[in-house]
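In: everything below, folded, please.
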Amino acid sequence: MFALVDGNNFYASCERIFQPRLRGVPLVVLSNNDGCAIARTAEAKALGIKMGQPAHELKQLVKHQGLQMRSANFALYGDISARVVTILRDEAPRVEVYSIDESFLDMTGIRDREAFAHRLRTKVHRWTGIPNCIGIGPTKTLAKAANKAAKSGAGVVDLTEPDRRAQVLATFPTTDLWGVGGKWGMRLANMGITTAAQLRDAPPDTILREFGVVLARTQRELQGHACIELEDVAPDKQQIMVSRSFAERVKDHQAVAQALATFAVRACEKLRKAGLVAGGVWIFVHSDVFRAELPQHHVNRSISLPVATADSRAVLSIVTRLLHGALKQGVGYKKAGVALLDLGRPEKRQADLFASASAANSKLMEALDGINRKFGRGVAGLGATGWKERPEWGMRQNMLSPNYTTRSSDLPLINC
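Out: Residues are numbered from 1 along each chain as shown. Take a look at the predicted model:
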């Protein structure tokens, strides 16, 4: 038995926690470089704002309808998400963190599931300020559908009972099902299948033949057969990538190198946090593909490492070598990134008898991570990243809220 806890309009709700003036007014959160809407409150949706709508199209709504816009503050959102998950882990025996705003719970052994869900929903809202909905079902797919139904106002929906399940699935669009989407939804509609109930009752052989095992599994889950297990321990990642689009085109090669150094160090931090090492490094740098009239140049270089590592200095040295001589004069670069490849557990890596001794220093990296973890990211760093400079390649975040919970200088003040 599964439950799905989902924070409502999560990014926007995080912004409202410490800014009460944003409550009850239309609010959107913008993507990197303040490009387009990635989160909308109910009031913003009522104004007709679409997901992904460019920010420049919203200026009239700001002027005439009181629309508020905020730059994405992922440090704040990640910290609030962690606080929500801490509450869930205290209440449920097993938790799978599915995304920053969604978590699956194991409801096995909980007798009064709806009462438990209502109590948990209230506790999350009261302790973190995040409004949320909870869907319950015998499979993950049904729990997802129940959560979608709960957003209509009930707050909690349980699809365990067959009659209630049949009632909801009879009008539930296939395009709203977990893992279906618009393209498959159109193909299903051409076959006369537009609701979850119709997909559930369709001939299994036809679904398997026309769509493959993924949709066949979804059909089985709609029938109440659990095919997707709870992953309370996330599998190891196959790669880690850190990339960013620049606010402006960057022609300074040193600035591009600084950006890649910053991305490399951040990727290594994530690598060490996961307890992994990398056996390969890939870098890319792209010019502005949306300005075809400008000079174009795209860099893609990768290398396998003789000794897998998680040391930022070793990876940074590789990135510097890969970038050497790769950039062209006069080209304005718009996006860059670093990916760590061939990841694995250090204790499971096969040693190379003929490789030179590694210069990696795990104790140094552990100390560096500990300082930044205790005092905030960026307190200690490597000079090649520019460290505390405001870089030329930095993101445009003109409407960024303070980091209320992760930076001491941004702690909210209470006037007594």
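In: residue 3 reaches residue 134, doesn't it?
Out: Yes - using CB atoms under 8 Å, residue 3 is in contact with residue 134, at 5.6 Å. In this view, the C-beta of every residue, glycine as well, is placed from N, C-alpha and C.
In: need the residues touching each of those two.
Out: Here residue 3 and residue 134 share the contacting residues residue 117, scored by CB atoms under 8 Å, 6 or more residues apart in numbering.
In: what's the nearest residue to residue 83 if we skip its chain neighbours?
Out: Leaving aside its sequence neighbours, residue 83 sits nearest to residue 128 (CB to CB, 6 or more residues apart in numbering; 5.2 Å).
In: that neighbour against residue 82, yeah?
Out: No - using CB under 8 Å, residue 128 is not in contact with residue 82; the gap is 10.0 Å.
In: more neighbours: which of the two?
Out: residue 128 (19 against 12; other CB atoms under 10 Å).
In: separation between that one and residue 103?
Out: Applying CB to CB, to the nearest Å, the value for residue 128 to residue 103 is 13 Å.
In: kindly report the same for residue 286.
Out: Separation of residue 286 from residue 103 (CB to CB): 35 Å.
In: comparing the two, which residue is more hemmed in?
Out: More crowded of residue 286 and residue 103, by other CB under 10 Å: residue 103, with 22 against 18.
In: and the helix or strand containing that one, how far out from the chain middle?
Out: Take DSSP states H and E as the rule and residue 103 turns out to sit in strand 102-106. Chain-centre distance of strand 102-106: 16 Å, with CA atoms, centre = their mean, to the nearest Å.
In: counting by contacts, list what it packs against.
Out: Using 3 or more CB pairs under 8 Å, 6 or more residues apart in numbering; DSSP states H and E, the elements in contact with strand 102-106 are strand 2-7, helix 74-91, strand 95-97.
In: pick the most deeply packed of the ones you listed.
Out: Of all those, strand 2-7 has the most neighbours on average by mean count of other CB atoms under 10 Å, namely a mean of 25.
In: just checking: what are the partner strands of that strand?
Out: According to DSSP bridges, strand 2-7 has the following sheet partners: strand 102-106 (antiparallel), strand 132-137 (antiparallel).
In: before we move on, back to that, ok, residues contacting the strand holding residue 103?
Out: By CB under 8 Å, 6+ apart, the residues outside strand 102-106 that reach it are 1-7, 84-85, 88, 91-98, 140, 143, 230, 232.
In: what about residue 341, which SS state?
Out: strand (DSSP: H, G, I helix; E, B strand; the rest coil).
In: show me what it is bridged to.
Out: Legend: beta-bridge partners of residue 341 under DSSP bridges are residue 280.
In: tell me how many other residues crowd it.
Out: Here the number of neighbours of residue 341 (other CB under 10 Å) works out to 17.
In: ok but residue 347 is inside a helix, no?
Out: Yes - judged by three-state DSSP, residue 347 forms part of a helix.
In: shaky segments in this protein?
Out: 233-234, 349-359, 386-390, 416 (pLDDT under 70).
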